[in-house]
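In: Here is my input, please return the structure:
(one chain, ligands or ions: 1)
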Amino acid sequence: MRRVVILGSTGSIGTQALDVIRHTHDRFQVVGLAAASNHELLVGQIREFMPPVVAVSDETAANELHAGLAGLRSVEMIVGAEAAEQLARELDADIVLNAMVGAVGLPPTLATLQSGKTLALANKESLIVGGELVMDLVKGEPERLVPVDSEHAALAQCLRGESREDLKSVIITASGGPFRGWTREELAKASVKEALAHPTWKMGPKITIDSATLMNKGLEVIEAHFLFGLDYSQIDVVVHPESVVHGIATFADGSMVAQLSKPDMRLPIQLALAYPERLQAGIEPLDLATLGSLTFEPVDREAFTALDLCFKAGRLGSTFPAVLNAANEVSVMAFLEGKIAMTGIPDVVEGVLDDHEPASVVSVVTLDRADAWARRRAAEIIDSG
Ligand code: MG
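Out: Take a look at the predicted model:
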């Protein structure tokens, strides 16, 4: 039985991971849960999965949890801003699923890998912000880092058993989000409600907005660069509204290998938890005859400027991707609060990237500093707008 820790257990990926575990009896044992919000749900998860240790971020949360768990004395609680990191580092576990949202996910990612565990990575920001640091920790043992994002899980499947020298390039697909076909002028008037209505994937609010701007796809390009050791010139993005083909690997002989499945995150989650085994977690294969046709089109890079910003930040390297990510987190929040238009998100990010002086050495300290600077600069640009 694999002993699993789930960080971000009450979020979209976290709850679906617990659903996978619920349906694959006796394969996994939940040995730790961490959640930053929704403590009512966390109480239910603790009662169902009985993890010996739980991490919450502050005292208020801990008190709520104590009240909700009255009578359950066997659960140990770790409290504090670094509780998730401590859980990842100290627990005796086989695999840690990092499904936290945002740059706060990086320290637990590093702690997981430093303590010799396998990391199922759903927290994008770990690779965006700290890609170099993360990949250094899995040098020579890439199987310790298993991607949970559907596109990267797809590419990992396309590359199984293939020689890396034969790989020419990869394509990751984008559904195009709710604003596919919109012009930049139309995008400037998009409402929060429209942006939150994603046509094919059900996800948390931050990633749903990132999908609407295509920032999410750009972040996935940077992730692919680190995960598969690819140059940015080897990574392409194609719009595919059906979200059936998730990733394609193109080989030297002209062959393209694609992975197809229903847009259901439980599939990459179960694959990551059981890797390299394939489990039956209740997901039906596609019925291609009923589906009829699959369509592909280029990204409108004039309207969706976020994609090229990610390529730019990725190519510049150093602290630029961390700055891009921090500026984006602040801008997405400002959009959700009605302070800026949706097109303001990439505009603010571009302004912050233009002003950034990169650090000469990439370390947790310089990344933290760049992150904090970018958040301040983004807020200034938003306030002055
Ligand atoms: Mg994805």
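In: Any buried residues in stretch 92-103, and which?
Out: Using 16 or more other Cβ atoms under 10 Å as the test for burial, stretch 92-103 gives 93, 95, 96, 97, 98, 99, 100, 101, 102, 103. C-beta: built from backbone N, CA, C; applies to glycine.
In: Which members of those residues occur in helices, if any?
Out: Using DSSP state H, no member of the buried residues of stretch 92-103 falls within helices.
In: dump the residue contacts of whichever residue of the stretch 1-150 of the chain sits closest to the ion.
Out: Nearest to the ion, among the residues of the stretch 1-150 of the chain, is residue 149, at 4.3 Å (Cβ to the ion). Residues near residue 149 by Cβ atoms under 8 Å, 6 or more residues apart in numbering: 121, 122, 124, 220, 223, 268.
In: again, only using 7 Å
Out: By Cβ atoms under 7 Å, 6 or more residues apart in numbering, the contact list for residue 149 reads 122, 124, 220, 223, 268.
In: Leaving out sequence neighbours, find the closest residue to the residue at minimal distance from the centre of the chain.
Out: The centroid of the chain falls nearest to residue 124 when counting by Cα atoms, centre = their mean (3.2 Å). Counting by Cβ to Cβ, 6 or more residues apart in numbering, residue 219 is the residue found nearest to residue 124 once chain neighbours are left out, at 5.1 Å.
In: correct me, but the one you found touches residue 126?
Out: No. Using Cβ atoms under 7 Å, residue 219 is not in contact with residue 126; the gap is 11.0 Å.
In: So which bits of the stretch 51-200 of the chain are right by the ion?
Out: Counting by Cβ under 5 Å from the ion, the residues of the stretch 51-200 of the chain close to the ion are 149, 150, 151.
In: and residue 247, that one's in a strand?
Out: Yes. Assessed by DSSP: H, G, I helix; E, B strand; the rest coil, residue 247 belongs to a strand.
In: which residues touch it?
Out: 151, 154, 155, 158, 170, 171, 172, 173, 259.
In: ok so, going back, go through the contacts of residue 149 and name the one nearest residue 208.
Out: Checking those against residue 208 by Cβ to Cβ gives residue 124 as the nearest, at 13.4 Å.
In: can you tell me which residues contact that closest one?
Out: Residue 124 sits next to 149, 219, 223 when contact means Cβ under 7 Å, 6+ apart.
In: Give me the local confidence score for it.
Out: Note for residue 124: predicted pLDDT of 92.
In: cool, and residue 75?
Out: Listed pLDDT for residue 75 reads 89.
In: wait, isn't it in contact with residue 69?
Out: Yes. Counting by Cβ under 7 Å, residue 75 does reach residue 69; the two are 6.2 Å apart.
In: Give the residues shared as contacts by those two.
Out: What both residue 75 and residue 69 touch, as defined by Cβ under 7 Å, 6+ apart, is the set residue 46.
In: after the lowest-mean-pLDDT helix or strand in the chain, next one along is what?
Out: One helix or strand of the chain scores below all others by mean pLDDT, DSSP states H and E: helix 59-68, with a mean of 87. Scanning forward in sequence from helix 59-68 by DSSP states H and E, the next helix or strand is strand 76-79.
In: Which SSE is immediately downstream of that next one?
Out: The helix or strand immediately downstream of strand 76-79 is helix 83-90, counting by DSSP H and E.
In: What residue, apart from its backbone neighbours, is nearest residue 352 spatially?
Out: Nearest in space to residue 352, with sequence neighbours left out and distances taken as Cβ to Cβ, 6+ apart, is residue 327 at 3.8 Å.
In: Show the average pLDDT along the helix or strand that that neighbour is a member of.
Out: Element membership of residue 327 [criterion: DSSP H and E] is helix 320-336. For helix 320-336, mean pLDDT is 96.
In: elements contacting that helix?
Out: Helices and strands touching helix 320-336, by 3 or more Cβ pairs under 7 Å, 6 or more residues apart in numbering; DSSP states H and E, are helix 124-137, helix 205-213, helix 306-316, helix 344-355, helix 364-384.
In: Provide a list of residues in contact with the closest residue to residue 244 other than its chain neighbours.
Out: Once flanking residues are discounted, residue 244 sits nearest to residue 260: 5.4 Å by Cβ to Cβ, 6+ apart. Contacts here follow Cβ under 7 Å, 6+ apart; on that basis residue 260 touches 244, 245, 286.
In: next one: phi and psi at the first one?
Out: Which is residue 244. Note on residue 244: its backbone torsions stand at phi -110, psi -40 [degrees, to the nearest 10].
In: How about the last one?
Out: When quoted as degrees, to the nearest 10, the phi and psi of residue 286 stand at phi -80, psi 150.
In: isn't it right up against residue 259?
Out: No. The criterion here is Cβ under 7 Å, and residue 286 misses it with residue 259 at 11.4 Å.
In: what's the distance between the closest residue to residue 325 other than its chain neighbours and residue 134?
Out: Leaving out its chain neighbours, the residue that sits closest to residue 325 by Cβ to Cβ, 6+ apart is residue 128, at 4.8 Å. Using Cβ to Cβ, to the nearest Å, residue 128 is found at 10 Å from residue 134.
In: what bridges to the residue nearest to residue 244?
Out: Assessed by DSSP bridges, residue 260 has beta-bridge partners residue 245.
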